[in-house]
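1. all I have is the shape, not the residue letters:
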């Protein structure tokens, strides 16, 4: 108990003094995961919406595939990206392995299916409501897509936050493709892994607290938005 | 092949997904300045803090950064064979010479050494303190079936540990999961686990000294010539890996092997103790 208390007080001191290493690691984490989220949304929103409003052969299989990928273990995503980006792999010439770019790719691969699958659910429900209206307006596929995505924007934000939470919290993928390089690819989760291995629990705990608070904020935002959205759609 | 039919979409969509994501990121993330070198390294040199001391000195005069990827020796050699690294610092001489013989590595040099130690709980249930030799110590572990943690990750320390059991005429692996426990983790993580469950383990001295949460664990056996731990440095072959940063690898290696690097290694202390002993050109 004493050990936890001691580690905790040092951890809090580290955070309060805005320790330079700590700050650098948190910043990189946010940069990588937010960029991954950006790509995941750019791909996942239109992909999920298209799957909701179109019918084509193989769509069912694609949905199963997408939902399966939601549970893709981070280490598997890391391994796949490693194999592709290794200099012995097909895209080795890009020299992206052991860079933040590789971490962004791996995390985007992890969370794009989440964003797409949640988008699919949201848009499919909304499409039930809007179908007749959109047909009466003679909206083409593009206009339908834009209308649905815009009107579902609050729910879609929750999809993004869910993806962001997962990206920020995973360690398996960034460890493999980033290499946990000091001052370059060391993010919160991989730094916690290393500090724990070295028995330096204070630094690990400080990062853990920051990570926990960030996750808390993401989830509070999720809940808040959901409440907001329900109220909103009841009025509307 | 029904299974094939259902697996196909997975394969069809997963690889393009990775490729297109890569393309986007490659386009968006600005090409970085080429001022770096990738050092594939064993975990013990990182976990003991050596690089934090050594590399800033070198980087200040070299004008490029050294990016350390610390994994087990086996994985480091494998990554380097894939050309995902420019220089290697590892500690498993047989595997290192094999790496060079296969044409993956340019040359191999002795860099520094320290030794392995057997650590365990202070009350020493297996009686390692009374052991008369290393073989006797290992025999005591096997006979008392005191919990022993093996790295089991193909690292240099793991290769060493297996070789020691074999030299003693013992094979603990059939007992894996009973008293012989395979963690599959790095040195620091394995030491942490050993302290928690009051188990014995084999560690390099540097990681042990630098490890922050020893509690009532202590070195219980040391000093046998078999416990010698030699680190080697190998630049990745320019012929095998044309894309490797060969000049930079050579520059770092020459610095490490030269008087300045060797002195910096000798100067590195933790808790007043020297962790690595330079022995280039010997």
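-> Ah, there it is. The structure displayed is predicted, hence computed values, not measured ones. Numbering: from 1, shown residues only, chains lettered A, B, ... in the order given.
2. quick one: furthest residue from the center of chain A?
-> residue A:136 (37.3 Å; CA atoms, centre = their mean).
3. let's see the pLDDT reported for that residue.
-> At residue A:136, the model reports a pLDDT of 91.
4. what's the answer for residue B:16, then?
-> The predicted structure lists residue B:16 with a pLDDT of 65.
5. so residue A:187 is in contact with residue A:30, correct?
-> No: Residue A:187 is beyond contact range of residue A:30, at 9.1 Å (criterion: CB atoms under 8 Å). Backbone N, C-alpha and C define where each C-beta goes, glycine included.
6. of the two, who's got more company?
-> Remark: of residue A:187 and residue A:30, residue A:187 carries more neighbours, 28 against 15, as counted by other CB atoms under 10 Å in any protein chain shown.
7. tell me who's in contact with the more buried one.
-> Shown in contact with residue A:187 (CB atoms under 8 Å, 6 or more residues apart in numbering or on different chains): A:25, A:28, A:29, A:32, A:103, A:174, A:178.
8. the nearest residue to it once chain neighbours are set aside: which element?
-> If you skip the residues right next to it in sequence, residue A:187 has residue A:29 as its closest partner in space, 4.2 Å away by CB to CB, 6 or more residues apart in numbering or on different chains. Secondary-structure assignment from DSSP states H and E places residue A:29 in helix A:20-53.
9. what's that helix packed up against?
-> Using 3 or more CB pairs under 8 Å, 6 or more residues apart in numbering or on different chains; DSSP states H and E as the contact test, the elements touching helix A:20-53 are helix A:59-69, helix A:100-136, helix A:141-151, helix A:153-169, helix A:188-197, helix A:201-235, helix B:2-28.
10. how much does it deviate in direction from helix A:59-69?
-> Helix A:20-53 runs at 160 degrees relative to helix A:59-69, counting by axes from the mean of the first three to the mean of the last three CA atoms, to 10 degrees.
11. pLDDT averaged over helix A:20-53 - what is it?
-> In the prediction, helix A:20-53 has an average pLDDT of 93.
12. do stretch A:79-87 as well
-> With pLDDT averaged residue by residue, stretch A:79-87 scores 93.
13. ok so, going back, name the residues of the helix holding residue A:29 that come out as buried.
-> A:22, A:25-26, A:28-29, A:32-33, A:35-37, A:39-41, A:43-45, A:47-53 (16 or more other CB atoms under 10 Å in any protein chain shown).
14. for residue A:97, give me phi and psi.
-> Dihedral angles of residue A:97 (phi, psi; degrees, to the nearest 10) stand at phi -60, psi 140.
15. quick check, pLDDT for it.
-> For residue A:97, the pLDDT comes out at 92.
16. ok, it to chain B distance?
-> Relative to chain B, residue A:97 is positioned 6 Å away (CB to the nearest CB, to the nearest Å).
17. kindly report the same for residue A:217.
-> Applying CB to the nearest CB, one obtains 26 Å for the distance of residue A:217 from chain B.
18. show me where the stretch 151-282 of chain B has helices.
-> Defined through DSSP state H, counting those that start in this stretch, the helices belonging to the stretch 151-282 of chain B, from first to last, are B:156-167, B:187-197, B:205-210, B:246-257, B:259-267.
19. show me the shaky parts of chain A.
-> Within chain A, the stretches falling below the threshold (pLDDT under 70) are A:1, A:229, A:231-236.
20. to residue A:76, which of the helices of the stretch 151-282 of chain B lies closest?
-> When the helices of the stretch 151-282 of chain B are ranked by distance to residue A:76, counting by CB to CB, first place goes to helix B:187-197 at 21.3 Å.
21. on that earlier part again, quick one: closest of the helices of the stretch 151-282 of chain B to residue A:204.
-> Using CB to CB as the measure, helix B:187-197 is the one of the helices of the stretch 151-282 of chain B that comes nearest residue A:204, at 11.1 Å.
22. got the buried residues for the closest one?
-> In terms of neighbour count (16+ other CB under 10 Å), helix B:187-197 has its buried residues at B:187, B:188, B:189, B:190, B:191, B:192, B:194, B:195.
23. of those, list those near chain A.
-> B:187, B:188, B:189, B:191, B:192 (CB under 8 Å from any CB of the partner chain).
24. from these, pick the one nearest chain A.
-> residue B:188 (3.3 Å; CB to the nearest CB).
25. and the closest residue in space to that closest one that isn't next to it in sequence, how many neighbours?
-> For residue B:188, ignoring the flanking residues on the chain, the nearest one in space by CB to CB, 6+ apart is residue A:197 at 3.3 Å. For residue A:197, the neighbour count with other CB under 10 Å is 23.
26. same question for residue B:144.
-> Using other CB under 10 Å as the criterion, the residues surrounding residue B:144 number 15.
27. go through the helices and strands packed on helix A:20-53 and name the closest to residue B:100.
-> Ranking the helices and strands packed on helix A:20-53 by their distance to residue B:100 (criterion: CB to CB) puts helix A:100-136 first, at 28.2 Å.
28. which helices and strands sit right next to that closest one?
-> The criterion is 3+ CB pairs under 8 Å, 6+ apart, and the helices and strands that helix A:100-136 contacts are helix A:20-53, helix A:59-69, helix A:74-85, helix A:141-151, helix A:153-169, helix A:172-178, helix B:2-28.
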